[in-house]
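In: what would the 3D arrangement of this be:
(2 chains)
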Amino acid sequence: MKPKPFTYVRPASVDEAVQSMAKWREDSRILAGGQSLVPMMNFRLVDPQVLIDVSDLAPLAYIREINGEIEVGASTTQAQFMAWPKLAERAPLLSAAMPFVGHFQTRSRGTVCGSIAHSDPSSELSLCLATVRGSVVMRSSRGTRVLSCDEFQVGMLTTARLPDELITAVRFPSRKPGAGYAFAEMAQRHGDFAICAIAAMVSGNITRLGVGGVAEKPTVQEWSGLVGGEIDDALNDFAWSLGGTDDHHATADYRRGLVRRLGRKAIEEARKCSN
Amino acid sequence: MLELKKEQRHLIAMTLDGQQVRGLAEPRMLLSDFLSQELGRPEVHVGCEHGVCGTCTVLLDGRPARSCLTFAVQAAGRRVDTVRSLAHEDGKLSDLQNAFRKHHGLQCGYCTPGILLSAEAFLSQNATPSEQEVREMLSGHICRCTCYVGMVDAIHETAKKRASAAAP
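Out: The predicted structure is shown next:
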């Protein structure tokens, strides 16, 4: 339960962080909040030669609004994001989801970008990013590139980030005028990994639903003009399409049931919030 | 850029419970091990060592941190508070500690230091929490003796007493 030896590097600027990554590439890992990476290092599932700590990198500690999007820098913690005064107004889905992200004690260290970089299939932040169609900003010595969340998250704990790329920020589109949002989750304990997490958005006659914790990565489906009993049929088809499997927390059948029940609840709540 | 080589011990200085302390740590040394082994602080308890149980929680610059998920080198130059920071200088227990005793918020006491520190940080951010909010905060800790009811009562009572003491 102790990590293997590694060299600890603390860059003083984003440029230094990028230079370090260019130098160490596959042998390095970025340390931000460490709430997922350090457990994996303690278990020796991950054993970087070099750990590049950006947790205190001041230029990456920010939340700002640009071009209708909320951009969150890589060293911003989940607790800081949750305390952002405009969160409920600008990003109602994230405001509803944040209390489910880990615990009070882990949100004070864990970062928004770190959770998305880790890309756990049950990550609430990855699910929200997929549902609002956000993007990920990465920098390397070759320059900056921005990937949509679909391009970014490839599968379970797998992303399109190259070994020398530093995730500097993630971007969440701000609330769509008139749209309603809702979040629902089932976990063994509040704050634990989601057995099933649901993010819903209703805008006019468009219904969009994201599901986390069932498939290899958050999956988003959109319907137009869904009415009455069609919702249950649509949710049933969606639940079967996700291909969930049995594990020691829940059976695939139970997960399909959660997609149907929590999905219905979230859609109804999102409808109430829309106008 | 700071670079601390692996398999070498580096000098780490920090403010621990208000005192300046220093010790040696390899980069891979967890803060929990540094506090308990290098600095001889047995009150820092270690449970699961992968961030689930919350037993090793300390305050890092006033904010709760799982010390098993923090490297000692990350705490260099910072303020670390353990459960030892809570009692008064003459050894008298704090109001929160007394409330835990009164309401049987502990039995074996192994998880208690982390829970007390979490509760202090929580109350500093939310002076009048609801029962649900207290329970959600406690979901970040595992206690196998009690059923959390006494802890919820103790934290609630402390919040109320502090609020009425602060009222004009």
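In: kindly format the C-alpha coordinates of the helix or strand residue B:135 falls within as CSV.
Out: Taking DSSP states H and E as the definition, one finds residue B:135 inside helix B:131-138. C-alpha atoms of helix B:131-138 as CSV (Å, rounded to 0.1, in the frame of the first residue of the first chain):
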residue,chain,number,x,y,z
GLU,B,131,-29.0,17.0,9.8
GLN,B,132,-28.8,15.8,6.2
GLU,B,133,-25.8,18.0,5.5
VAL,B,134,-24.0,16.6,8.6
ARG,B,135,-24.8,13.1,7.5
GLU,B,136,-23.5,13.8,4.0
MET,B,137,-20.3,15.2,5.5
LEU,B,138,-19.9,12.0,7.6
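In: can you give me the pLDDT of residue 34?
Out: Picked chain A for this. What the model reports as pLDDT for residue A:34 is 97.
In: my question was about chain B
Out: Looking at residue B:34, its pLDDT reads 98.
In: need phi/psi at the closest residue to chain B within the stretch 101-250 of chain A.
Out: Residue nearest to chain B within the stretch 101-250 of chain A (CB to the nearest CB): residue A:103, separated by 3.0 Å. Using the backbone N, CA and C atoms, a C-beta is placed for each residue, glycine as well. Note on residue A:103: backbone dihedrals following degrees, to the nearest 10 are phi -120, psi 170.
In: residue 127: neighbouring residues, count only.
Out: Just going to use chain A. Residue A:127: 29 surrounding residues under other CB atoms under 10 Å in any protein chain shown.
In: um, chain B though
Out: Close neighbours of residue B:127, defined as other CB under 10 Å, add up to 12.
In: helix, strand or coil for it?
Out: coil (DSSP: H, G, I helix; E, B strand; the rest coil).
In: tell me the confidence at it?
Out: As predicted, residue B:127 sits at a pLDDT of 95.
In: surely it is in contact with residue B:164?
Out: No: checked against CB atoms under 8 Å, the pair residue B:127 and residue B:164 is beyond contact range at 11.1 Å.
In: phi, psi of residue A:65?
Out: Phi and psi for residue A:65, reported as degrees, to the nearest 10, are phi -110, psi 120.
In: tell me the spacing between it and residue B:15.
Out: Applying CB to CB, to the nearest Å, the value for residue A:65 to residue B:15 is 37 Å.
In: then residue B:166?
Out: Counting by CB to CB, the separation of residue B:166 from residue B:15 is 27 Å.
In: how many other residues sit next to the residue of chain B found nearest chain A?
Out: In chain B, no residue comes nearer to chain A than residue B:140, which is 3.0 Å away by CB to the nearest CB. Applying other CB under 10 Å, we find 27 residues neighbouring residue B:140.
In: ok, and the closest non-adjacent residue to it?
Out: The shortest distance from residue B:140 to any non-neighbouring residue, by CB to CB, 6 or more residues apart in numbering or on different chains, is to residue A:103 (3.0 Å).
In: kindly report the residues of the stretch 101-250 of chain A close to chain B.
Out: A:102, A:103, A:104, A:105, A:106, A:108, A:109, A:189, A:190, A:191 (CB under 8 Å from any CB of the partner chain).
In: just the buried ones out of those residues, please.
Out: Among those, those buried by neighbour count (16 or more other CB atoms under 10 Å in any protein chain shown) are A:102, A:103, A:104, A:105, A:106, A:108, A:109, A:190, A:191.
In: what separation do you get for the second one and residue A:93?
Out: In other words, residue A:103. Distance from residue A:103 to residue A:93, by CB to CB: 20 Å.
In: what's the first-to-last distance across stretch B:8-22?
Out: One end of stretch B:8-22 sits 16 Å from the other (CA to CA, to the nearest Å).
In: same question, stretch B:76-96
Out: Chord length of stretch B:76-96, first to last residue, is 29 Å (CA to CA).
In: mind listing what's buried along stretch B:3-13?
Out: Judged by neighbour count (16+ other CB under 10 Å), stretch B:3-13 contains these buried residues: B:4, B:10, B:12.
In: ok, stretch A:225-238 next?
Out: Using 16+ other CB under 10 Å as the test for burial, stretch A:225-238 gives A:226, A:231, A:234, A:235, A:238.
In: is it correct that residue B:134 is in contact with residue B:156?
Out: Yes: if you go by CB under 8 Å, residue B:134 and residue B:156 touch, sitting 6.4 Å apart.
In: more neighbours: which of these two?
Out: Shown here are residue B:134 and residue B:156; by other CB under 10 Å, residue B:134 has more neighbours (22 against 17).
In: tell me which helix or strand comes right after the helix holding residue B:135.
Out: Going down the chain from helix B:131-138, the next helix or strand is helix B:149-166, by DSSP H and E.
In: tell me the angle that following helix makes with helix B:131-138.
Out: Per axes from the mean of the first three to the mean of the last three CA atoms, to 10 degrees, the angle that helix B:149-166 makes with helix B:131-138 is 120 degrees.
In: report all helices and strands that helix B:149-166 contacts.
Out: When contacts are defined as 3 or more CB pairs under 8 Å, 6 or more residues apart in numbering or on different chains; DSSP states H and E, helix B:149-166 sits against helix B:95-102, helix B:112-125, helix B:131-138.
In: now it: mean pLDDT?
Out: Helix B:149-166 comes out at a mean pLDDT of 96.
In: what angle separates it from helix B:112-125?
Out: Counting by the same axes, to 10 degrees, helix B:149-166 lies at 40 degrees to helix B:112-125.
In: chain center to helix B:149-166, what's the gap?
Out: For helix B:149-166, the separation from the chain centroid amounts to 18 Å (computed by CA atoms, centre = their mean, to the nearest Å).
In: only the buried residues of that helix, if you could.
Out: By 16+ other CB under 10 Å, the buried positions in helix B:149-166 come out as B:150, B:151, B:152, B:153, B:154, B:155, B:156, B:157, B:158, B:159.
In: residue B:111 contacts residue B:143, correct?
Out: Yes: using CB under 8 Å, residue B:111 is in contact with residue B:143, at 4.7 Å.
In: hmm, back to that, what residues does the residue of chain B closest to chain A make contact with?
Out: Residues near residue B:140 by CB atoms under 8 Å, 6 or more residues apart in numbering or on different chains: A:102, A:103, A:104, A:105, A:106, A:191, B:54, B:57, B:118.
In: quick one, which of the residues you listed has the minimum pLDDT?
Out: Lowest pLDDT of the contacts of residue B:140: residue A:191, 81.
In: touching, that one and residue B:137? I think so.
Out: No: using CB under 8 Å, residue A:191 is not in contact with residue B:137, being 9.7 Å away.
In: what sits in contact with each of those two?
Out: Shared contacts of residue A:191 and residue B:137, counting by CB under 8 Å, 6+ apart, come down to residue A:103.
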